[in-house]
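*Asks:* Sequence below, structure please.
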Amino acid sequence: MQNYTNHRRYVPGFHFVLSTLIIIVLLMSAFSLGQVYNKEQWLRGGIIPLLTSVILVVMYWYVRTFPVTVQTRAIRAEENMRHYIMTGKQLDSRLTMGQIVALRFAGDEEYIALSAKAANEGLAPDAIKQLIKNWRTDDYRC
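*Replies:* Numbers count the residues shown, from 1 in each chain. This next block holds a predicted model:
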């Protein structure tokens, strides 16, 4: 059962292993570049591995950023529709994206009151999650 303490999702192979390996390769290639002295070694043995490492870092960043951006837009649309179905009104425009993401975990019986409280009091996303009594699980994420 999903709740406040276990709702974050980490994929160990991606978040810990791959990121660590990319950082190691980046550091080793930067060190290697500092060890070469002539132009031929600099091109073959220094700059190419460093550029490859930088490419890996950029790819790692965007492989995570693009899907999260799309997921965030989907959550905003889903929660806006959820609020509209329950109240006949769209979500309060004062709600931030972080607050909306946090509200998606609130059960229907507390959703309206909690969204109003979040907008009126400017609650932080983590504070919203801690106020949720009936946690609505997200069973569709991978």
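*Asks:* quick one: average confidence on stretch 95-111?
*Replies:* Averaged across stretch 95-111, the pLDDT comes to 95.
*Asks:* ah, wrong one, I meant stretch 72-80
*Replies:* Mean predicted confidence for stretch 72-80 is 94.
*Asks:* List of residues touching that stretch?
*Replies:* 90-91, 97, 100-101, 103-104 (Cβ atoms under 8 Å, 6 or more residues apart in numbering). The C-beta positions use only the backbone N, C-alpha and C, and glycine is treated the same way.
*Asks:* Can you pull the phi and psi angles for the most centrally placed residue in the chain?
*Replies:* Per Cα atoms, centre = their mean, the C-alpha nearest to the average position across the chain is that of residue 68, at 5.5 Å. For residue 68, the backbone dihedrals (degrees, to the nearest 10) come out as phi -70, psi -40.
*Asks:* Start at 8, not 1
*Replies:* Yes, from this point I'll number from 8; that puts the last item at residue 75.
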